[in-house]
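Participant: this is a predicted model, with the sequence first.
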Amino acid sequence: MATTVVSVRVSENSKTRLERFSRYMGKKPSEAGALLLEEGLRRSEHSYIDFRASNIGRQAYIEGTRLPVWFVFKTSQEFEFSVNKTGEHFHLSETKVKAALNYADRYADDIKTAITDSEAANDIVAIQSILPDTQLINI
């Protein structure tokens, strides 16, 4: 993807906060600023979508919930993309389910990557390589 340099003026306070955020993210301030800009644009284009950090990186979430969009999308597949059944399952309004599915449709590659990363993060073999005493308990 081609990039274009855009110069913006920010207050000293915003600059300090951006530098702090970029350190937290392990990125350069310009990269962190571009990420925040992209997230802000996506928020403005998609109702009920928010972004936050997770164990697999920054993810799109349904606003006001602890549900990542990828998880709602993946679960909706089990209900053959029934907005009503997915909403009932998560106790979400159909509007929020539709918002998640619309976002997932627009950013399908991001959702596919998030699903793959989440499955890898929950892989017991990978977890045991980091924490050798971890045991899988079947209930």
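Facilitator: That came through, no problem. Given the structure is predicted, the values throughout are model-derived calculations rather than measurements. Numbers count the residues shown, from 1 in each chain.

Participant: need the three-state assignment for residue 60.
Facilitator: The assignment at residue 60 comes out as strand when based on DSSP: H, G, I helix; E, B strand; the rest coil.

Participant: quick one: pLDDT of it?
Facilitator: As predicted, residue 60 sits at a pLDDT of 97.

Participant: center of this structure, which residue is that?
Facilitator: Residue closest to the average C-alpha location in the chain (C-alpha atoms, centre = their mean): residue 59, at 1.3 Å.

Participant: who's it bridged to?
Facilitator: residue 52 (DSSP bridges).

Participant: how many neighbouring residues does residue 46 have?
Facilitator: 18 (other C-beta atoms under 10 Å). C-beta: built from backbone N, CA, C; applies to glycine.

Participant: list the contacts of the nearest residue to it once chain neighbours are set aside.
Facilitator: Sequence neighbours aside, residue 103 is the residue nearest to residue 46 in space, at 4.8 Å (criterion: C-beta to C-beta, 6 or more residues apart in numbering). Going by C-beta atoms under 8 Å, 6 or more residues apart in numbering, residue 103 touches 42, 46, 49, 60, 69.
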